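1. Give me coordinates for this.
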Amino acid sequence: MPSEIVVGTNSYISLDNTDTYFDDRLHMTAWTGASADDKARALIQATKAIDRQFLKGRKKLADQALAFPRCYVVDKRAIGGLNYIGNVELVWDGSLWCETEVPQAVKDACCEEALFRLAYTEYELHRERQHALGIVGGSVGRANEYSVQAIVQAKRKGFGLCPDAYELLKPFLAGVVGIT
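-> Numbering: from 1, shown residues only. This is a model prediction of the structure:
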């Protein structure tokens with residue numbers, strides 16, 4: 001059965017908007033060569049991966065299907081008196097500052113994660129994530145050895161996301177501080 005994208009229900013971005021996002025990119029054969037159904041499945045999986053992250057704040061509406069838009073406890077002094085997080089305006093709802101829409105960075109992260117999922121086989125995805133997290137190790141027979149430091153780093157990073165999606169989502173991840 002073909003997968004159908006329903007923005008706001010199972011994806012942060014439509015197929016058409018994802019195509020536009022990738023218009024100026026190099027090495028896009030994984031996206032352009034995929035069927036519409038595979039593209040839709042990749043976007044749905046990418047959305048689920050984003051929603052599995054530990055995020056700051058809470059859902060804007062308790063019954064919304066996806067994790068974004070969100071509401072935050074934000075001290076206006078901490079954000080320079082501006083009512084924005086990322087490029088999305090925040091509106092005071094009486095107790096929290098809430099996003100007026102899904103941030104563009106979240107939509108972009110969804111595109112990047114979908115491309116990553118189309119470009120790699122399951123084994124390659126697993127190895128690429130291990131490499132991105134700094135996990136080194138191996139096994140001989142039934143004995144396994146992995147770097148303890150790498151496992152600690154994996155817990156700190158956006159586990160399960162490609163590096164580009166993780167970087168885009170940093171401002172929204174709990175426990176992650178971006179330095180600029």
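2. and Leu55, bridged to which residues?
-> Taking DSSP bridges as the rule, Leu55 bridges to Leu173.
3. Show me where this protein has its strands.
-> Listed in chain order, the strands of the chain (DSSP state E) span 58-59, 70-72, 84-85, 88-92, 97-99, 137-140, 143-146.
4. Flag the shaky bits of this protein, pLDDT-wise.
-> Filtered on pLDDT under 70, the chain yields the residue ranges 1-2, 74-87, 121-129, 131-159, 176-180.
5. let's see it at 50
-> 80, 145, 148-158 (pLDDT under 50).
6. ranges for the helices of it?
-> Using DSSP state H, the helices of the chain run over 15-21, 29-32, 36-51, 104-119, 122-133, 148-156, 163-169.
7. Mind putting those helices into TSV with mean neighbour count and distance to Cys98?
-> In short, each C-beta sits where N, CA and C put it, glycine included. Converted to TSV, the helices of the chain look like this (neighbours: other C-beta atoms under 10 Å; distance: least, C-beta to C-beta, whole Å):
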stretch	mean neighbour count	distance to Cys98
helix 15-21	16	23
helix 29-32	14	33
helix 36-51	20	18
helix 104-119	23	15
helix 122-133	14	32
helix 148-156	12	27
helix 163-169	20	18
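8. out of those helices, nearest to Thr9?
-> With distances scored as C-beta to C-beta, the stretch of those nearest to Thr9 is helix 36-51 (9.4 Å).
9. Give me the angle between that closest one and helix 104-119.
-> Between the axes of helix 36-51 and helix 104-119, defined by axes from the mean of the first three to the mean of the last three C-alpha atoms, to 10 degrees, the angle is 130 degrees.
10. list the helices and strands helix 36-51 packs on?
-> Judged by 3 or more C-beta pairs under 8 Å, 6 or more residues apart in numbering; DSSP states H and E, helix 36-51 is in contact with helix 15-21, helix 104-119, helix 163-169.
11. Quick check: which of the helices of the chain is nearest to Val91?
-> Each of these was scored for nearness to Val91 using C-beta to C-beta, and the closest is helix 104-119 (17.0 Å).
12. Using PDB, write out every CA atom in the closest one.
-> Extracted C-alpha coordinates of helix 104-119, given in PDB (Å, rounded to 0.1, in the frame of the first residue of the first chain):
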ATOM      1  CA  GLN A 104      12.100  25.700   9.300                       C
ATOM      2  CA  ALA A 105      15.100  24.000  10.900                       C
ATOM      3  CA  VAL A 106      12.900  21.100  11.800                       C
ATOM      4  CA  LYS A 107      11.600  20.800   8.300                       C
ATOM      5  CA  ASP A 108      15.100  21.000   6.900                       C
ATOM      6  CA  ALA A 109      16.200  18.300   9.400                       C
ATOM      7  CA  CYS A 110      13.400  16.100   8.200                       C
ATOM      8  CA  CYS A 111      14.600  16.500   4.600                       C
ATOM      9  CA  GLU A 112      18.200  15.700   5.600                       C
ATOM     10  CA  GLU A 113      17.200  12.600   7.600                       C
ATOM     11  CA  ALA A 114      15.000  11.400   4.800                       C
ATOM     12  CA  LEU A 115      17.800  11.700   2.300                       C
ATOM     13  CA  PHE A 116      20.200   9.900   4.600                       C
ATOM     14  CA  ARG A 117      17.800   7.000   5.000                       C
ATOM     15  CA  LEU A 118      17.300   6.700   1.200                       C
ATOM     16  CA  ALA A 119      21.100   6.900   0.500                       C
END
